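**Q** Attaching a predicted model along with its sequence, questions to come.
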Amino acid sequence: MPLIKISIDELIPVDELRQIELNFMDGRYAHLADCLRQFLINHSSDILRFRGELEHREARQFPLESVIGLYILENKTVDMKLDMRDQKREIENTIWYEHEKGRSIPASEIEKEWVRKYAAAWRTHRTREIMYVFSQNKQEYLRLVIN
């Protein structure tokens, strides 16, 4: 059976990948690495079960790294509390910025506008950050799931 492999380069546009790389080199994703590590430890049996179901359904083998990537994509997060906190911070920054510009819009309206305009893109970007962090420490993360 042929193996199906998913590459990080296929998931992230080049310009966004460059910015994520810079952030990673600056150490800005240490918190994501910790969350990912804990997520993989907590979900290792689910990931292996997911792999078995996927291989049975597709009648082909999948490398564990691809399965982990698909599992993360399916779950859309590795730490919902962290994501909510970070999104809240982005919204608060936007509220501050809009008020600094002199806009007299209630904070609740700015929040609704941010959610409508940016929430989906923010979540997609966060997932890409997680996938990049995974790709940079892949062997360590694979061992967490196998052990």
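**A** Received it, and whenever you're ready, just let me know what you need. Numbering: from 1, shown residues only.
**Q** Flag the shaky bits of the chain, pLDDT-wise.
**A** 1-11 (pLDDT under 70).
**Q** Could I get the full set of helices for it?
**A** Secondary structure of the chain, counting by DSSP state H: helices at 14-25, 30-58, 64-75, 80-100, 107-136, 138-146.
**Q** For the spatially most central residue of the chain, give its distance to N75.
**A** Centroid check for the chain by CA atoms, centre = their mean gives T127 as the closest residue, at 2.1 Å. Applying CB to CB, to the nearest Å, the value for T127 to N75 is 9 Å. Placement of C-beta: from N, CA and C, glycine included.
**Q** again, but for W122
**A** From W122 across to N75, the span is 16 Å (CB to CB).
**Q** And N42, by the same measure?
**A** The gap separating N42 from N75 is 11 Å, by CB to CB.
**Q** okay, these two: which has more neighbours?
**A** N75 (16 against 12; other CB atoms under 10 Å).
**Q** ok, that one - contacts?
**A** By CB atoms under 8 Å, 6 or more residues apart in numbering, no residues touch N75.
**Q** Kindly report the same for C35.
**A** V78, D79, L82.
**Q** so F50 touches S66, yeah?
**A** No - under the criterion of CB atoms under 8 Å, F50 makes no contact with S66, lying 11.2 Å away.
**Q** how far does stretch 95-109 stretch from start to finish?
**A** This stretch, stretch 95-109, spans 9 Å end to end (CA to CA, to the nearest Å).
**Q** Please identify the buried residues of that stretch?
**A** The neighbour-count check on stretch 95-109 (16 or more other CB atoms under 10 Å) flags I95, E98 as buried.
**Q** same question, stretch 65-76
**A** By neighbour count with 16+ other CB under 10 Å, stretch 65-76 contains the buried residues E65, S66, V67, I68, G69, L70, Y71, I72, N75.
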